[in-house]
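Engineer: A structural model of the following input is requested.
(2 chains)
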Amino acid sequence: MEKKSRISRRKFLAVSTGAAVGGVAAGAVVGGLAGYFLGSSQAAPAVTRTVTSEVTRTVTGPGATVTTTVQAPAKRLKVGYIYVGPVGDYGWTFAHNDGRKFADTAYKNVDSFYIESVPEAQSAGAIESLINQGADLVITTSFGYMDSTAEVAAKYPDKYFVHISGYRSGAAGNAPQNMSSAFAEFYQLYYLNGLAAGAVTQTGVVGYVAAFPIPEVVRHINAFVLGANYAYKKRTGRNIKAYVSWLFSWFDPGKAREAAVALIEQSNADVLAFTEDTPTTLQVAEEYTTQKGRRVWSFSHYNDMSSYGPNAHLTGQIVHWGPIYLDFYRMVATGTWRTVDIWTRIGDYMPYRWRRSPEQSTAGQVDGTLQLGKLNPAIPSEWQLEIKMRYEEMKELLFEPFSVDGNLGEPIRDQKGEVRIKGSERADRDMLWNMDWFVEYIESELPR
Amino acid sequence: MIELVESVLVGAVASGTVFLLASLGETVAERAGVLNLGMEGMMIMGASLSYIFTNALGHGWAITAVLLVGAILGLLHALFTVSLRLNQVVVGLAFTVLGLGLSGLLASNEIRGRIILALNPEASPAVIASQEAAKLPPIPIPGLVNIPIIGPMIFSHNILVYISLILAGGLWFILFKTSFGLSLRSVGENPSMADALGVNVFLIRYIAMAICGALGSLAGAYLFIGYQPFWVEGMTQGRGFISLALVILATWNPLRAILGAYLFGGVEALQFRLQLVGVAAQLPYFLLMLPYIVTIVTLTLLSAESVRKRIGVPAALGVPYSRE
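Structural biologist: Residues are numbered from 1 along each chain as shown, chains lettered A, B, ... in the order given. Coordinates of the predicted model:
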């Protein structure tokens, strides 16, 4: 069966390449017309791709080729994934697909398959089609799939479901027991990026290119700005100034470019962070640094993007979903499932979950699910040490960015001056999940 | 302050050139009586091909390939709308859907890799894997670039920006000052009369659509290699449709299209700058709507017969021609 789908995929590619290279094809417009009429329903997010870890071994002997199949123990696990974007595009889906490959390689006795570019409205049907293909475990990787995942989970109580980036799970009590939710949370890494930004900024202004004003993005902005202020104020005694430019789009390189340019030219920002699905901001920083004689820094987001801005890449946040997926594979395969709500932070899924000295820090290396980007040597060494120290402390949750500690001993105030965190308080889940205010160092207003 | 105005204007031209190239192509097609709703599809095909070809063979070949494929798409559109006389709206939308899908397919990892290797067997794995490509270098025009405001606004860009301006002037001249232009316009106004006078209606519409397709794709190529060289599926984000509205705003005049294009480009550049000076946080939503509001308003006005007459809509626009 796996064979079959492989061949059909190859055929599909051959045909499409033929059509592409051969160009024209009168059928193209027939297809186009059909596409138009079907287009409104975006029928069939089409191609399901099956990827199997190798089970056949080919031994070439003197006379003949002998193919032996390694006997798989009892039952192979089948896992289906639903992706919101195309796997080829850098960013969110690309990172999830890397995680799938990691888990498959580590687990071995598994067949995984996925459907990409699934519109949220059609996710229920897509999940059911994975179940019909025999999936024991279905992993859905976009916030918008949350309710449909819970719906299908209720319908198939003997199958297992994991939803990424939502808040519904059996553990939380708002979904069936066969559904878990998981997320790799970035705000700690954003704080460390902020420290790096505050350590190198010359103008004292940092900028942020942001996709949508949702709590996740807002807490990342706040964490970044708190970190930047911490380092900058410790260096110079002055507060950092931060500006935010909203794109209202997850991927539009043209818009992201204008937003980044505006932050540089109008606000005089020289370090730009971003939450959107392209490395445009880093590319623009590189352009200003290498061609326009203006030193501008930016970061990696989701994936290592340093090749898009080799001279402007300061550090960044990189995600590895693989260990989380592997965990769920094991639970399902061994019949030890229990519903969980996992929000991974620095420390989680690390083989050695204890604080090390800054000199031996694993910051910058692949360790667990969250990786700090390569630290650019332009960051002064005392700040590199401080970043590593904080990273290590966060492994044991000794340090929390949203606390008085993270703000040079000052209470954290919002833009209206209202104290949000004081004394020994630390941000809790509800505050992080529902964050709808900006810290005082941000000049821009939060759209409502 | 002057610096800020300058920076907005530079941004307006940089992002407006996408609209300019596309609306110039559309103007030619509509002047000949063919409505090309496939502009968005042709534009994204141009972006996709410029990405693949730049990484394989460099900018020169990329632009050549984009113009060629764009012209072929235009001719195909003409085959269906001019020769087979199919409904132009349906065919155009089909081309848009087709272009959005095909461009994503061509630029997908595996197929893109094969195309690049077929074109250039020495391409490095890093280049094949990359989702960006070299940007066209800026060519500031010596002397002119030093004129305050206008200098950096117009004369600090890359070659495609200059070409778009020359094309605007050239197309205006051809349309309104040459006999070919007269024939082309007559085909769009009254094809049976033109036919009776010996003008080859079909040939002219084919030529117009080839130009339209080529320029539409060139607009996409500019969006990618001339403006922000990072490929994502569907990266044109409706810019093709905005160009359609622009043609009407510019009343089918290539020179006025320059102003319209830079106005729309200016909105794109300005919305982010206004956010930063803290003009009410709600304003971004409004500005984001602006191009689409203008589009709807112009299309609505256009539906009124008196307005159509006054602004000079090509009378045979969208009507397939057949000899009785």
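Engineer: All the strands of the stretch 101-250 of chain A, residue numbers only.
Structural biologist: Using DSSP state E, counting those that start in this stretch, the strands of the stretch 101-250 of chain A run over A:110-115, A:137-140, A:160-164, A:179-184, A:205-210, A:241-246.
Engineer: Tell me which of those strands approaches chain B most closely.
Structural biologist: strand A:241-246 (4.9 Å; Cβ to the nearest Cβ). Where C-beta positions appear, they are placed from N, C-alpha and C, glycine not excepted.
Engineer: Please see if that closest one touches chain B.
Structural biologist: Yes. Strand A:241-246 lies within reach of chain B by Cβ under 8 Å from any Cβ of the partner chain, at A:243-246.
Engineer: before we move on, back to that, deepest of the strands of the stretch 101-250 of chain A, which one?
Structural biologist: Mean neighbour count (mean count of other Cβ atoms under 10 Å in any protein chain shown) peaks for strand A:137-140 among the strands of the stretch 101-250 of chain A, with a mean of 28.
Engineer: Run through the residues that contact B:Met1.
Structural biologist: The neighbourhood of B:Met1, defined by Cβ atoms under 8 Å, 6 or more residues apart in numbering or on different chains, contains no residues.
Engineer: out of the strands of the stretch 101-250 of chain A, which comes closest to A:Tyr329?
Structural biologist: strand A:110-115 (6.1 Å; Cβ to Cβ).
Engineer: So the closest one, near chain B or not?
Structural biologist: No. Contact between strand A:110-115 and chain B is absent, the nearest approach being 14.4 Å (criterion: Cβ under 8 Å from any Cβ).
Engineer: ok, back up a step: what's the closest of the strands of the stretch 101-250 of chain A to B:Ile154?
Structural biologist: B:Ile154 sits nearest to strand A:241-246 of all these, at 25.8 Å, using Cβ to Cβ.
Engineer: quick one, the closest one and strand A:205-210 angle?
Structural biologist: Relative orientation of strand A:241-246 versus strand A:205-210 (axes from the mean of the first three to the mean of the last three Cα atoms, to 10 degrees): 20 degrees.
Engineer: tell me which strands and helices the longest helix along chain A is in contact with?
Structural biologist: When chain A is parsed with DSSP state H, its longest helix is helix A:215-236. Counting contacts by 3 or more Cβ pairs under 8 Å, 6 or more residues apart in numbering or on different chains; DSSP states H and E, helix A:215-236 packs against helix A:187-200, strand A:205-210, strand A:241-246, strand A:271-275, helix A:429-433.
Engineer: returning to that earlier point: output the strands of the stretch 101-250 of chain A as JSON lines; include the columns distance to B:Ile248 and mean pLDDT.
Structural biologist: As requested, the strands of the stretch 101-250 of chain A are exported to JSON lines (distance: least, Cβ to Cβ, whole Å; pLDDT from 0 to 100):
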{"stretch": "strand A:110-115", "distance to B:Ile248": "40", "mean pLDDT": "96"}
{"stretch": "strand A:137-140", "distance to B:Ile248": "43", "mean pLDDT": "97"}
{"stretch": "strand A:160-164", "distance to B:Ile248": "45", "mean pLDDT": "97"}
{"stretch": "strand A:179-184", "distance to B:Ile248": "47", "mean pLDDT": "96"}
{"stretch": "strand A:205-210", "distance to B:Ile248": "33", "mean pLDDT": "97"}
{"stretch": "strand A:241-246", "distance to B:Ile248": "30", "mean pLDDT": "94"}
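Engineer: closest one to A:Ala269 among the ones you listed?
Structural biologist: Taking Cβ to Cβ, strand A:205-210 is the member of these nearest to A:Ala269, at 3.4 Å.
Engineer: where exactly do the helices run in the stretch 51-200 of chain A?
Structural biologist: Here the stretch 51-200 of chain A has its helices, by DSSP state H, counting those that start in this stretch, at A:92-107, A:123-132, A:146-155, A:187-200.
Engineer: closest to chain B out of those helices?
Structural biologist: The nearest among these, by Cβ to the nearest Cβ, is helix A:92-107 at 9.5 Å.
Engineer: Just the buried residues of the closest one, please?
Structural biologist: Residues A:92-100, A:102-104, A:107 are the ones in helix A:92-107 that count as buried (16 or more other Cβ atoms under 10 Å in any protein chain shown).
Engineer: Closest one to B:Ala133 out of the residues you listed, please.
Structural biologist: A:Phe94 (18.2 Å).
Engineer: What is the neighbour count of the residue of the stretch 51-200 of chain A found nearest chain B?
Structural biologist: Per Cβ to the nearest Cβ, A:Gly88 is where the stretch 51-200 of chain A lies closest to chain B, at 4.3 Å. Neighbour count of A:Gly88, defined by other Cβ atoms under 10 Å in any protein chain shown: 21.
Engineer: Buried residues in the longest helix along chain B, which are they?
Structural biologist: Assignment by DSSP H gives helix B:2-31 as the longest helix of chain B. Using 16+ other Cβ under 10 Å as the test for burial, helix B:2-31 gives B:6-31.
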